[in-house]
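>>> Please find the sequence and the predicted model below.
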Amino acid sequence: MTAAIFLLDQKIDALEFLQRIKAIALFFQALSDTEMKAIKHWIKNTTREQLADSAIKILDAKKEVATVVKTITK
């Protein structure tokens, strides 16, 4: 998780930030609910509101997909 935060906590433009969120979203699926809440809170506190909302939507969408895949493969 520390490496992911380091990857996001750099001076990059909004598009690059969202691309990085997409790239590491699957890793975030392995986090507990508490850890995921902490990541979302960090994103909200360190980025502009619109960018934070977009990033959190990406994370939530990836989590939903992972849950559906896990359910189907059982």
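Happy to help now that I have it. Numbers count the residues shown, from 1 in each chain.
>>> so for stretch 38-45, what's the average pLDDT?
In this model, stretch 38-45 has an average pLDDT of 87.
>>> How about the backbone phi and psi for residue 29?
Taking degrees, to the nearest 10, you get phi -60, psi -20 for the backbone angles of residue 29.
>>> That one: neighbouring residues, count only.
Neighbourhood size, residue 29 [other CB atoms under 10 Å]: 15. Every C-beta, even on glycine, is put in place using the N, C-alpha and C of the backbone.
>>> does the closest residue to residue 14 other than its chain neighbours sit in a helix or strand, and which one?
Distances taken as CB to CB, 6 or more residues apart in numbering place residue 51 nearest to residue 14, at 5.2 Å, with adjacent residues excluded. Assigned by DSSP states H and E, residue 51 belongs to helix 49-72.
>>> so who does residue 59 touch?
Each residue near residue 59 by CB atoms under 8 Å, 6 or more residues apart in numbering is listed here: 21, 25, 28, 36, 39, 40.
>>> hmm, 7 Å instead?
21, 25, 28, 40 (CB atoms under 7 Å, 6 or more residues apart in numbering).
>>> Specify which member of the residues you listed is nearest to residue 57.
residue 21 (9.6 Å; CB to CB).
>>> Could you count how many residues lie near residue 21?
As a burial measure, residue 21 scores 23 neighbours (other CB under 10 Å).
>>> swap that for residue 24, please
Count around residue 24 with other CB under 10 Å applied: 18.
>>> where's it, which helix or strand?
Secondary structure assigned from DSSP H and E places residue 24 in helix 14-28.
>>> how many neighbours does residue 49 have?
Neighbours of residue 49 using other CB under 10 Å come to 8.
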